[in-house]
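J.: Just need the structure, nothing else, for what follows:
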Amino acid sequence: MPDFVAAGYRVLSFDNRGIGKSDRPAGPYTSRMMADDTKALVDSLGISGFHLMGVSMGGMIAQEYALAYPDDVKSATFACTYGVADAFCQTMFAMWADIARKISVPLVMRDVALWAFTGPFFEERPDDAAEFAAAMAGLDQSLDAYLGQGDHIMVTRIDNYYEEGRPYLDSITFRFLPVDQSRVAALAAGELDRVDAIPL
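T.: The predicted model follows:
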């Protein structure tokens, strides 16, 4: 976040339902449900015309938000994410759910770090890697909430918008930019599921 602030943005980050200081209603949760949570938050704060960024699961939520509320968003960035969980991802998520049930959620998140960060990240930024590991060790998320989130990412299909007769993707212009993987990792290390950045 410091880089965004230094660039002149006001940054809003928050805990999704089921984690941190946000409410923990019974699951399962959906990406659309959490996009609607985001909409309720920004509306209550009187925010519109912002740049939306989502990392990992936050990227799925950000896609849902951009499709459902396109007039709110100046731009959207989806990092380390997807619209459809393929067979590999579904198998990996099912394994993480088993680990969470049998051992703990923080242990799952330690494994997630190995998939989220590159080898050079661990070598070149050991302090950031250690900070992330410590945050994961103290992760404030119950097993039920973790599984509630996991249930939806197993079946997320952003292309359902076509099936429901809402071909929004036809009206959206996408620009794909190469990124420095270490900067993406830095965002993940900051535990940013989603960042809404608003110019000052």
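
J.: Helices along this structure, start to end?
T.: 2-6, 31-45, 57-68, 87-102, 105-116, 119-124, 126-137, 143-153, 160-163, 181-189 (DSSP state H).

J.: can I get those in CSV with distance to D15?
T.: From N, CA and C alone the C-beta is placed, and that goes for glycine too. Converted to CSV, those look like this (distance: least, C-beta to C-beta, whole Å):
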stretch, distance to D15
helix 2-6, 18
helix 31-45, 10
helix 57-68, 11
helix 87-102, 18
helix 105-116, 14
helix 119-124, 24
helix 126-137, 13
helix 143-153, 10
helix 160-163, 26
helix 181-189, 16
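
J.: for those, which one ends up most surrounded?
T.: Comparing the helices of the chain by mean neighbour count (mean count of other C-beta atoms under 10 Å), helix 57-68 comes out on top with a mean of 24.

J.: Closest to the geometric centre of the protein, which residue is that? Let me know.
T.: Centroid-nearest residue in the chain: G58, 1.7 Å away (criterion: C-alpha atoms, centre = their mean).

J.: how close does that residue get to I103?
T.: 25 Å (C-beta to C-beta, to the nearest Å).

J.: who touches G20 in this structure?
T.: Residues near G20 by C-beta atoms under 8 Å, 6 or more residues apart in numbering: D140, Q141.

J.: do the same with the one 5 residues further on
T.: Contact partners of P25, counting by C-beta under 8 Å, 6+ apart, are R17, G18.

J.: Please read off the pLDDT at it from the model.
T.: In this model, P25 is scored at 76, pLDDT.

J.: repeat for M154
T.: Looking at M154, its pLDDT is 56.

J.: what does E124 give?
T.: Per-residue pLDDT puts E124 at 93.

J.: Repeat that for M53.
T.: At M53, the predicted lDDT confidence score is 91.

J.: wouldn't it be in contact with A62 here?
T.: Yes: applying C-beta atoms under 8 Å, one finds M53 in contact with A62, separated by 6.7 Å.

J.: show me where pLDDT drops low in this protein?
T.: 151-200 (pLDDT under 70).

J.: please redo it, this time with the cut-off set to 90
T.: Residue ranges of the chain with pLDDT under 90: 1-34, 48, 54-61, 64, 77-97, 100, 104-119, 121, 128-200.

J.: rewinding a little: among the helices of the chain, which is nearest F14?
T.: Nearest of the helices of the chain to F14, taken as C-beta to C-beta: helix 31-45 at 6.5 Å.

J.: related to what we said a few turns ago, distance of the residue nearest to the centre of the chain from F117?
T.: With C-beta to C-beta as the criterion, G58 and F117 are 16 Å apart.

J.: One more: P126?
T.: 11 Å.

J.: Bridging across strands, which residues link to G54?
T.: For G54, the beta-bridge partners are F78, R194 (DSSP bridges).
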